[in-house]
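In: One predicted model, sequence on top.
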Amino acid sequence: MRVYQIMLLSSLFETAASNGITGNFSIERLASPNINIRNVLLPHTLNSWLFIKGGNHYGIYRVYNEIFDYGILLTDWRDQNNYYVIVCNNKMTGNATLEINKTDNDNFTWKYKAMKQDGKNAQRKALFASQYSDCTVELAIPKNSAQLDTFVNSLITLAEFRIKVDNLSIN
């Protein structure tokens, strides 16, 4: 992912956060770009994983409604010009739900990798591939506020589907 793509996304999230809402979700800025997140007092209801990764970040946002509650971190995770969109479910502890750092033309590209240690990863991959062929997902990089609404909805839908697949709870 290129720096201009993460900066554009950060700008769109900042605008949405100042308005307080995008589409079906409320958006709240938790930390401004380029503030040392280790020094920010944050609510305990958030997935702590958001605040231990990366030092050079472009903003942390809470995206939520009555059903979903996610944290989104826009960062140069390892401070090596390797930009990420990190998505964490705030109702869960542990690792990020999505770590997106690849782009292909005007899309973010993310590939599902089943990595549980229970011998059922082939089943998980098949379930994921039933919705997204080849376990690869492309999300259009938003260029304006209207596209951010679509992007956020797609991002949350993908995160929720990934959680269900990992838990083998697809109906």
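Out: Received, thanks. Quick caveat: nothing in here was measured; it's all calculated off a predicted structure. Numbers count the residues shown, from 1 in each chain.

In: Give me the longest helix you can find in the chain.
Out: Looking across the chain with DSSP state H, the single longest helix is helix 145-166.

In: that's a helix at Leu9, yeah?
Out: Yes: with DSSP: H, G, I helix; E, B strand; the rest coil as the criterion, Leu9 is assigned to a helix.

In: from what I can see it touches Leu74, true?
Out: Yes: between Leu9 and Leu74 there is a contact under CB atoms under 8 Å: 5.9 Å. In this view, the C-beta of every residue, glycine as well, is placed from N, C-alpha and C.

In: Give me the common contacts of these two.
Out: Common contacts of Leu9 and Leu74, defined by CB atoms under 8 Å, 6 or more residues apart in numbering, comprise 58, 85.

In: Quick one: neighbours of Ile60, just the number.
Out: Ile60 has 27 neighbours, counted by other CB atoms under 10 Å.

In: Repeat that for Glu160.
Out: 15.

In: Tyr83 too?
Out: 24.

In: That one and Gln5, how far apart?
Out: 7 Å (CB to CB, to the nearest Å).

In: likewise Ala114?
Out: From Ala114 to Gln5 the distance is 28 Å (CB to CB).
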